[in-house]
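Peer 1: Okay, sequence plus prediction incoming.
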Amino acid sequence: MYTENQTTEIASQDKNTSYASIIHLSSFLGLLIPFAGILAPLILWLIKKDEDSFVDKHGKSCLNFEISLFLYSFIIGFITLITVLVIGISSFSSLAANHQGNISEESIIGILLSSATGIIFLLFLLIAFFIFYVIVKIIAAIRASNGELYRYPLAISFFKI
């Protein structure tokens, strides 16, 4: 038998799963606007976290992933900067010591090839990272819309779910 309470309950459940999906998808704003990938899900989560435990769990899961990625990016960027500086300084200092101011074409080509290889490797990692990001965000949104909880891979638990 069909009653009005059943309709309201289903509509409420659909709304909550949709809202949880939107929390996950709102992270894509971070690709356009700096820090929006963290701020958009945070704001959406803060609005509904006390009203619905399902939305609360998805908001925490999303924020754990976004904050983790921010930290990983910062650490990788710092290590990359230090590595580039150390390799660059050592390359130019060895050139100066070996050639006493006369830099050969082979040395310049060697430096350029090693730099190009590093840049290509970094671009490959960035593309792989972007594909990973898009895939897990879409999976999280689909799971949320299906009423399931999704735990992101590589996410540090800043907020307990």
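Peer 2: All right, it came through fine.
Peer 1: Give me the neighbour count for residue 33.
Peer 2: The number of residues packed near residue 33 is 10, by other Cβ atoms under 10 Å. Heads up, the C-betas are built off the backbone N, CA and C, glycines and all.
Peer 1: Kindly apply the preceding question to residue 120 instead.
Peer 2: Residue 120 has 10 nearby residues by other Cβ under 10 Å.
Peer 1: Now it: phi and psi?
Peer 2: phi -60, psi -40 (degrees, to the nearest 10).
Peer 1: quick one: it from residue 36, how far?
Peer 2: 29 Å (Cβ to Cβ, to the nearest Å).
Peer 1: what's the closest non-adjacent residue to the residue nearest to the spatial centre of the chain?
Peer 2: Closest residue to the average C-alpha location of the chain: residue 69 at 4.4 Å, with Cα atoms, centre = their mean. For residue 69, ignoring the flanking residues on the chain, the nearest one in space by Cβ to Cβ, 6 or more residues apart in numbering is residue 133 at 7.4 Å.
Peer 1: Which elements pack onto the strand or helix carrying the one you found?
Peer 2: Assigned by DSSP states H and E, residue 133 belongs to helix 105-145. Judged by 3 or more Cβ pairs under 8 Å, 6 or more residues apart in numbering; DSSP states H and E, helix 105-145 is in contact with helix 4-25, helix 53-99.
Peer 1: quick one: low-confidence ranges for this structure?
Peer 2: Applying pLDDT under 70 to the chain flags the ranges 1-15, 90-108, 110-111.
Peer 1: let's see 90
Peer 2: 1-16, 31, 34, 73-74, 76-126, 161 (pLDDT under 90).
Peer 1: What residues does residue 66 make contact with?
Peer 2: 27, 30, 37, 38, 41 (Cβ atoms under 8 Å, 6 or more residues apart in numbering).
Peer 1: tell me the two of those residues that are most distant?
Peer 2: 30 and 41 (9.2 Å; Cβ to Cβ).
Peer 1: okay, those two: which has more neighbours?
Peer 2: The residue with more neighbours, out of residue 30 and residue 41, is residue 41; 26 against 19, by other Cβ under 10 Å.
Peer 1: circling back to that earlier point, residue 68 is in contact with the residue nearest to residue 69, correct?
Peer 2: No: counting by Cβ atoms under 8 Å, residue 133 sits too far from residue 68 to count as a contact (11.6 Å).
Peer 1: do you know how far residue 58 is from residue 34?
Peer 2: Taken as Cβ to Cβ, the span from residue 58 to residue 34 is 24 Å.
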